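Novice: Fold the following and give me the result.
(one chain, ligands or ions: 1)
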Amino acid sequence: MCSCNCEQPLVPSIVEVIDIVDETPDVRSFYVKCSEGGVPYSVQPGQCSMLSLPAGEGMFSCTWQEGNEYQHYAIKKVGLLTEELHSIEIGQKLGIRGPYGNGFPVEACKGKDMLFIAGGIGLAPLRSFIKYCFKHRDDYGKIDILYGSRSYADLCFKDELFNLWPQEKNTQVYVTIDNAEPEWDGHVGFVPSYLEELNPNPNGKIAVTCGPPIMIKFVLQSLEKMGYIDDQVITTLEMRMKCGIGKCGRCNVGSQYICVDGPVFTRTQLRQLPQEW
Ligand code: FES
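Specialist: Numbering: from 1, shown residues only. Prediction:
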C-alpha cells in the first residue's frame, strides 16, 4: 500500500527533496518525490500545494509538468518558513498536501494567441501554463512572454527565458530589468511600461499575468488601455492563499474565497470583487 496518504488530501504525504537549484540570490528550486518514487498527486497549471516543515507550513505554486516522476517548487525567501526551506538539503523530508485552487483555464484558452506577463517570482505559476502550452503546442496560437525583474540576477529560469523558450515555434520572449546594469544590453524599464511599448494587438489573444500586486494593478490598466476586454485577461492571486481549504478566513475578498473560488480569476470576475485584492 502506498504510504503517501494520497487518499486523504488533508493529511500531508511525505516526500523527499531530490534536488535543489538556485534560480536567483533569493529563489531556490526544490524537486521532491515520494520515497517509493512518483508523487502523491498530479497538479494542473496554476494549482498549489501546502508544504510543511517543523517551522510551519505554507502554500506554494506547484509546477505543472508532463508525467508524475517528481514535483517542482520555486520558492522565494521572504520570511521564517521560506528561510527554513532555503536552509534544507537534499534528502530532507517534507510534508506535502494538495492540490489546491482552480488552476488556469487551459482548455478554454485553446485556439487563442497567448500573452504571458510576469514579474519576479510571479513567473513560477505562469511557467506551468507556458510549459503546458509548449507541450500542447498545436492547440495554441502565437505565444508572447513578457517577463521582468529588478535586476539580471533576479531573473528566474534564465535557461528557459534565453535559450529554450525563444526556440519554440511561433514564440517571442521579451525580458526587462528595472534598472540599467553594465553587463545588461537588453530592455530596461518596468513591465507595464514595456507592455505598452510592445502594444500587443488584443485580437484573438488571452493575457495571463502574475507578479507583485502593484505590477498586476498597472498591467491590468495597461491591458485595458490597449483594448483588451475583461474576459481576455486572467490573473492568479495565489499569494493570498493560506490554508487553501476555505477555513482560515484569511483570503476572502467580498464573498469570494481566493483559495476555493480561485486563485485564478478573469478580469470580469475581479471586477465583481471589492478592490481589496
Ligand atoms: S486560505 Fe484560508 S480561507 Fe482561503
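Novice: From now on I want contacts and neighbour counts done on CA atoms only, so please keep to that.
Specialist: Will do.
Novice: Give the full set of residues in contact with Ser49.
Specialist: Neighbouring residues of Ser49 by C-alpha atoms under 8 Å, 6 or more residues apart in numbering: 59-62, 96-100.
Novice: Let's see the pLDDT reported for Asn252.
Specialist: Note on Asn252: pLDDT of 85.
Novice: returning to that earlier point: between the contacts of Ser49, which is nearest the ligand?
Specialist: Met59 (8.8 Å; C-alpha to the nearest ligand atom).
Novice: And the contacts of Ser49, which is closest to Asn163?
Specialist: Cys62 (22.7 Å; C-alpha to C-alpha).
Novice: Neighbouring strands - and their directions - for the helix or strand where Phe60 lies?
Specialist: Using DSSP states H and E, the element containing Phe60 is strand 56-61. If you go by DSSP bridges, strand 56-61 pairs up with strand 48-53 (antiparallel).
Novice: Put the alpha carbons of the strand it pairs with into PDB.
Specialist: Output of strand 48-53 as PDB, limited to C-alpha atoms (Å, rounded to 0.1, in the frame of the first residue of the first chain):
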ATOM      1  CA  CYS A  48      -0.800  24.900  -5.400                       C
ATOM      2  CA  SER A  49       0.400  22.700  -2.600                       C
ATOM      3  CA  MET A  50       0.800  23.100   1.100                       C
ATOM      4  CA  LEU A  51       4.400  22.300   2.100                       C
ATOM      5  CA  SER A  52       5.200  21.600   5.800                       C
ATOM      6  CA  LEU A  53       8.300  21.700   7.900                       C
END
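Novice: hang on, Val243 in a strand?
Specialist: That one is not Val; residue 243 is Cys. No: assigned with DSSP: H, G, I helix; E, B strand; the rest coil, Cys243 falls outside any strand and is coil.
Novice: Can you list the strands that the helix or strand of the chain with the lowest mean pLDDT pairs with?
Specialist: When each helix and strand of the chain is scored by mean pLDDT, DSSP states H and E, strand 252-253 comes last, with a mean of 85. Sheet pairing for strand 252-253, assigned by DSSP bridges, gives strand 256-257 (antiparallel).
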